[in-house]
Structures are given as structure tokens and as C-alpha cells.
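Novice: Pasting the sequence and the predicted model now:
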Amino acid sequence: MNDELIDYAAWGERFFAAAVTAERVVAGVNVLAGRPIEVGPLGVGPGRVAKVKARGHIGTATGERSGADPLVFHIDLPVALEFLLDLAMDRQRFEADIVVPLVITAHGRTDLAIVLEVAAPTPAQVTCDLRAQGLLASLTSRAAGVEGELRRFVAKYVARELEQPYVQDATIIDVAAAIERAAASLAPRAESPIAAELTDSLPAAMEAELEHTAHLLLDEDSTTEDER
């Protein structure tokens, strides 16, 4: 333990950095992990005649701090999809590994809360690794512009999820409430048997001590009178 004293500003800066770590930010983003995604059917390609339909889920986020003042974090949120491209006369299957980049900035608020501001990604920032099953599927996906449609859909989906109450709750660290809870934990708990025994014994012990002290005083007074 370091007993060195520092000023309030330095203490606050260190506290902020200790409270808002990459691990805690990633944990906040991971409230999205495991959530299902369903795409479509979306019209793609010329005339949007082809239809794409997909199912998948959001994976576990990873990330790191990229700035100190303000505290900024870059988080990668993976999305795995399996989907079907329906060309009316034929159907092609694909798999896609999508990465949604999130930039999160930590801010302090007047009520002693820490707020994590999440910048929703644009479709251009979303990366998509599309794997087609067979040469025909690969050519078809390029012709239909499937990757672009997936980027747009996933970016829109994530932006919408970021506005949900359960996500908004995860972006606020209520420091004042945490301090109150910590203080409450220091309050006396349920009375223990030992505490009850001590409490019961205390009056008798005090009475005996007072009686002993009184005897000493009386004896001292008696000695003084005899000397006179």
C-alpha cells in the first residue's frame, strides 16, 4: 500500500482510470452477446429480385483503450450469420463473419456518474467476410451485392440495439450509488450471540467496577480521617 498523499485532481484522474477499464467497458458491451439476429428477407441485386434471408447471433466483444484524455476505447463486436440467397430458380447458401467496430468514450457527469458514449458504426465501417458454398454461389453473391446489404443491415441493427434501455443502463456507472452501498455495508449487521453476551454482561461488569471504585474511595477517606 502506498501512503503518499495526492491532490484531489490527481486522485480523481486516477480513480476515473481505475473505474473505467477496458475489461469493464467490454463487459458492458457484452450485454449484447448471444442476442439473436434475423435478416430479411431483403431484396438485393438488380431490381431487387433476389431475396436474402439470414439467421445468426452476436458474439463476444473484444477491445482495448486507445486514448487517455478523454478515455476512449475501440471495441470489436463480432456477428456470425448463416443465410440463404433465393434467386427464385435457385438457392445459394452462405456464411458471414461480420465485425462491427464501436468507439466508446467515457465522460464524467455532475451527479458522480460515469457515462459511456457509444458511437454507432456506419455501414462502411462494418467488415464482412463472406464465404460462399461453391463457385456459383460466390459469383452470385458478388452480382447481387450481398455484402453491402449485410453491412447496412447489421449497422442499422446494432445502432437500434444501442438505444435499447438494457444497453443504456449498461453504459452508466453510478459511482454515488456505489459509495452509498459501500457505506451501508459498514452499518451494524444482525446481532451475533457474542455481541448479545457482551451486552448482557456489560451492566453487571460496570456495576462491579463502580462498587470497587466506591470502596477504594471510602477506604481512602477512612484512612485520611484516622490520620487526622
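Specialist: It's in.
Novice: from what I can see residue 51 touches residue 90, true?
Specialist: No - with contact defined as CB atoms under 8 Å, residue 51 does not count as touching residue 90 (12.0 Å). Yep, even glycine has a C-beta here, placed from its N, CA and C like the rest.
Novice: Tell me which of those two has more neighbours.
Specialist: Shown here are residue 51 and residue 90; by other CB atoms under 10 Å, residue 51 has more neighbours (18 against 11).
Novice: Give me the most central residue, this structure.
Specialist: The centroid of the chain falls nearest to residue 28 when counting by CA atoms, centre = their mean (2.4 Å).
Novice: so how many other residues sit close to residue 166?
Specialist: Residue 166 has 10 neighbouring residues, counting by other CB under 10 Å.
Novice: Next: residue 24.
Specialist: 15.
Novice: what does residue 97 give?
Specialist: By other CB under 10 Å, neighbour count at residue 97 equals 15.
Novice: which residues do residue 51 and residue 90 both contact?
Specialist: Common contacts of residue 51 and residue 90 (CB atoms under 8 Å, 6 or more residues apart in numbering): none found.
Novice: Outline the domain layout of the chain.
Specialist: Residue ranges for the domains of the chain, per automatic domain parsing: 8-184, 190-228.
Novice: With respect to burial, which of the ones you listed scores highest?
Specialist: For the domains of the chain, the largest average neighbour count (mean count of other CB atoms under 10 Å) is found in domain 8-184, namely a mean of 16.
Novice: what mean pLDDT would you report for that domain?
Specialist: In this model, domain 8-184 has a mean pLDDT of 83.
Novice: what's the first-to-last distance across that domain?
Specialist: The first residue of domain 8-184 is 24 Å away from its last residue (CA to CA, to the nearest Å).
Novice: Alpha carbons of the longest strand anywhere in the chain, in PDB - could you do that?
Specialist: For the chain, the strand with the greatest residue count under DSSP state E is strand 91-108. Output of strand 91-108 as PDB, limited to C-alpha atoms (Å, rounded to 0.1, in the frame of the first residue of the first chain):
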ATOM      1  CA  ARG A  91     -31.000 -21.100 -53.900                       C
ATOM      2  CA  GLN A  92     -27.400 -20.500 -52.700                       C
ATOM      3  CA  ARG A  93     -26.100 -20.700 -49.100                       C
ATOM      4  CA  PHE A  94     -23.500 -18.500 -47.500                       C
ATOM      5  CA  GLU A  95     -21.800 -17.900 -44.200                       C
ATOM      6  CA  ALA A  96     -20.600 -14.500 -43.000                       C
ATOM      7  CA  ASP A  97     -18.300 -13.300 -40.200                       C
ATOM      8  CA  ILE A  98     -19.100  -9.700 -39.600                       C
ATOM      9  CA  VAL A  99     -17.200  -7.300 -37.300                       C
ATOM     10  CA  VAL A 100     -18.900  -4.200 -36.000                       C
ATOM     11  CA  PRO A 101     -16.400  -1.600 -34.700                       C
ATOM     12  CA  LEU A 102     -17.600   0.600 -31.800                       C
ATOM     13  CA  VAL A 103     -15.800   3.700 -30.400                       C
ATOM     14  CA  ILE A 104     -16.700   4.300 -26.800                       C
ATOM     15  CA  THR A 105     -15.800   7.500 -24.900                       C
ATOM     16  CA  ALA A 106     -16.100   7.800 -21.100                       C
ATOM     17  CA  HIS A 107     -17.500  11.100 -19.700                       C
ATOM     18  CA  GLY A 108     -18.000  12.300 -16.100                       C
END
